[in-house]
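Asks: only geometry, no sequence info:
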């Protein structure tokens, strides 16, 4: 592989991301795939998954997230995304291990998201105390996270 392959792949990924943000999903898919052909990264697989999600292709998105995990199992975003999509499908028990893996992932920045999503699972399962703990942890990590704050308030109203 030529030494500049990683740089070319990264430049294509950035171009794909811009296309995705602009809503040009077909172009974004093509650019992400080009990036992956040159130098596969967990980020490119994950962003391709996001694009598929925006296109309504949930199973394709999940497939890309699993590929991202194969490339870099320490990258937390795809674990959370799989868990989130399983929640949307009402597959709560299946979502839990994915979200727990996101929480444990060494390379993951928005750490409050999997805690929040795990709280969503526990709400759906009627496990309100566990849900409150997850939402509270999400807020501890990101005190300004409005959705977690609203979830805590909604739980307070439910139990009062």
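Replies: Structure received. Every value quoted in this text rests on a predicted model; they were computed, and no experiment measured them.

Asks: how near is the residue most central in space within the chain to residue 21?
Replies: Taking Cα atoms, centre = their mean as the criterion, residue 81 is the residue nearest the geometric centre of the chain, at 2.9 Å. Separation of residue 81 from residue 21 (Cβ to Cβ, to the nearest Å) stands at 17 Å. For the C-beta atoms, the positions are set from N, CA and C on the backbone; glycine is no exception.

Asks: how near is residue 82 to residue 52?
Replies: 13 Å.

Asks: what's residue 110 in contact with, if anything?
Replies: 77, 80, 142 (Cβ atoms under 8 Å, 6 or more residues apart in numbering).

Asks: Same question for residue 155.
Replies: 123, 128, 131, 132, 135.

Asks: now with 6 Å?
Replies: residue 132 (Cβ atoms under 6 Å, 6 or more residues apart in numbering).

Asks: element containing it?
Replies: Following DSSP states H and E, one finds residue 155 within helix 146-159.

Asks: What of residue 44?
Replies: Under the assignment here (DSSP H and E), residue 44 is part of helix 42-54.

Asks: Show me what that helix is in contact with.
Replies: By Cβ under 6 Å, 6+ apart, helix 42-54 touches 13, 20, 25, 28-29, 32, 35-36, 60-61, 64-65, 67-68, 71-72, 75, 77-78.

Asks: ok, of these, which come out buried?
Replies: Neighbour counting with 16 or more other Cβ atoms under 10 Å marks 13, 20, 25, 28-29, 32, 35-36, 60-61, 64-65, 67-68, 71-72, 75, 77-78 as buried within the contacts of helix 42-54.

Asks: Give me the buried positions along stretch 103-112.
Replies: Buried, per 16+ other Cβ under 10 Å, within stretch 103-112: 103, 105, 108, 111, 112.

Asks: Next one: the nearest residue to the fourth one once chain neighbours are set aside relative to residue 133, how far apart?
Replies: Excluding the flanking residues, the one nearest residue 111 by Cβ to Cβ, 6 or more residues apart in numbering is residue 141, at 5.1 Å. In this structure, residue 141 lies at 13 Å from residue 133, with Cβ to Cβ as the measure.
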